[in-house]
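S.K.: below is the sequence, then the predicted model.
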Amino acid sequence: MDGPLPVADNIVEMVQWLENARKKVAEGSAQCCVVVCAPNPIEGAALELTVGEIADRFACSLRSYDKIYRHGREKLLIALPHVNTDDAPSVLQRLHDIVERMPFKMPGNGLDLSVTVSLGGAMMDGSPVQELINRADKAMEAGRNSGNRNCIWSPELA
């Protein structure tokens with residue numbers, strides 16, 4: 001595939017894709033990690049630009065079958081098929097490094113903006129899609145609050 005992956009804004013498409021993946025996981029024929037990513041506190045126009053740049057960086061670095069969706073105004077949801085429980089922490093760290101290794105250039109003034117992100121992952125297990133997204137969100141918040149910035153959901157976070 002040439003060029004970056006497309007970033008979908010359509011929530012219906014996101015839910016349909018996740019539901020199809022959930023069914024495959026429930027059947028035992030697939031694994032998938034769902035990640036929620038949010039920049040750490042940024043406000044105003046810089047937030048929109050930052051989320052867009054993060055999506056672009058991920059799109060250029062992920063596999064052709066990974067999915068990137070806008071998840072509200074300030075978050076991204078990344079679906080990573082074929083990522084297992086053992087590999088998920090290192091994948092989250094890689095995504096973290098993709099964002100933080102280089103500053104973001106702000107259009108207009110050309111200033112560099114250092115951006116940090118928090119990422120939360122949840123492994124698909126056959127649970128309803130909304131529950132899975134909520135788990136990834138909770139993991140992201142737990143990572144943000146712990147200062148670690150990366151967290152995989154576990155029942156202790158419930």
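M.R.: Nice, I can see it.
S.K.: pull the contacting residues for residue 94.
M.R.: The neighbours of residue 94, taking CB atoms under 8 Å, 6 or more residues apart in numbering as the test, are residue 61. Just so you know, the C-beta spots here come from the backbone N, C-alpha and C atoms, and that holds for glycine as well.
S.K.: and if you look at residue 121?
M.R.: With CB under 8 Å, 6+ apart, residue 121 has these contacts: 33-36, 88-89, 91-92, 136, 139, 150-153.
S.K.: element containing it, please.
M.R.: strand 117-123 (DSSP states H and E).
S.K.: and the strands in the chain, which stretches?
M.R.: 7-8, 32-39, 67-70, 76-81, 104-105, 112-113, 117-123, 150-152 (DSSP state E).
S.K.: closest to residue 98 out of those?
M.R.: Closest approach to residue 98 among the strands of the chain (CB to CB): strand 117-123, 9.2 Å.
S.K.: ok, now which ones touch residue 54?
M.R.: 37, 39, 76, 99, 115, 117.
S.K.: ok, residue 130 next?
M.R.: Taking CB under 8 Å, 6+ apart, one finds nothing in contact with residue 130.
S.K.: one step back: can you tell me the strand partners of the strand holding residue 121 and which way each runs?
M.R.: strand 32-39 (antiparallel), strand 150-152 (parallel) (DSSP bridges).
S.K.: how far does the last one sit from the chain's center?
M.R.: This points to strand 150-152. From the chain centre to the centre of strand 150-152 is a distance of 11 Å (CA atoms, centre = their mean, to the nearest Å).
S.K.: quick one, phi psi at the residue of the chain most remote from its centre?
M.R.: Largest separation from the mean C-alpha position in the chain: residue 109, at 28.4 Å (CA atoms, centre = their mean). Per-residue torsions, residue 109: phi -90, psi -10 (degrees, to the nearest 10).
S.K.: per-residue confidence for it?
M.R.: Predicted confidence (pLDDT) for residue 109: 74.
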